[in-house]
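Peer 1: here is my input, please return the structure:
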Amino acid sequence: MARQSVRPTGAQVDFGENEIIVSKTDPKGRITYCNDIFVKVSGYSESETLGQPHSFIRHPEMPRSVFKLLWDKIQAGQEIFAYVKNRTKNGGHYWVLAHVTPSLDDKGRILGYHSNRRFPKASALAVIEPLYKELRVIEEKPDSRKDGLKTAYDRLNAILQEKGLGYDEFVLSL
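Peer 2: Alright, predicted model coming up:
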């Protein structure tokens, strides 16, 4: 699937406040299940979705530093709440408040990940959008993508430290 060929249009796709987008992945992040709401909102059919890395719907305006934080937590066996901007098949976008949890076997080994996503509050996005824009600017400045990611990740953690909150607490306080 060539997600790079889908250019963002700026068109926002909304879904109902009572609708929940659900997906499951294997330990490497490849989609093994998606519900009808996921299909409806993303614009991709189930057959186009299954087996794809979950990142195929990642919007280019999403900071990589936020995904680093997300992956660090879930690979450590912890849950996370995060605001995520995804891209639709036709180039639109939709914001979600994601709750991602690892699925564990009886020995505590990660079998995959489960994500429930709800429509976010506008007041939360009023805080998240400028923060994510700041992080993206930081990520794009250095010559090295790795250095940009580290600098933005450090900035995100400094902001959270200033607030005296973990990322989940910050997200849920909005």
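Peer 1: state the number of residues packed around residue 140.
Peer 2: By other CB atoms under 10 Å, the residues close to residue 140 number 12. (C-beta placed from N, C-alpha, C; glycine too.)
Peer 1: how about it: what's its closest non-neighbour residue?
Peer 2: Using CB to CB, 6 or more residues apart in numbering and skipping residues adjacent in sequence, the residue nearest residue 140 is residue 148, 6.2 Å away.
Peer 1: I'd guessed that neighbour sits against residue 137; true?
Peer 2: No - the pair residue 148 / residue 137 is not scored as a contact, 9.5 Å apart, by CB atoms under 8 Å.
Peer 1: higher neighbour count, those two?
Peer 2: Neighbours per residue (other CB under 10 Å) separate residue 148 from residue 137, with residue 148 holding more: 21 against 12.
Peer 1: what's the helix or strand where the more buried one lies packed up against?
Peer 2: Following DSSP states H and E, one finds residue 148 within helix 145-163. Applying 3 or more CB pairs under 8 Å, 6 or more residues apart in numbering; DSSP states H and E, one finds that helix 145-163 contacts helix 64-75, helix 122-140, helix 167-173.
Peer 1: what's the closest of these to residue 18?
Peer 2: With CB to CB as the criterion, residue 18 lies closest to helix 122-140 of the helices and strands packed on helix 145-163, at 16.6 Å.
Peer 1: going by contacts, tell me the helices and strands next to that closest one.
Peer 2: Other elements packing on helix 122-140 under the criterion 3+ CB pairs under 8 Å, 6+ apart are helix 64-75, strand 80-87, helix 145-163.
Peer 1: alright, I will stop here.
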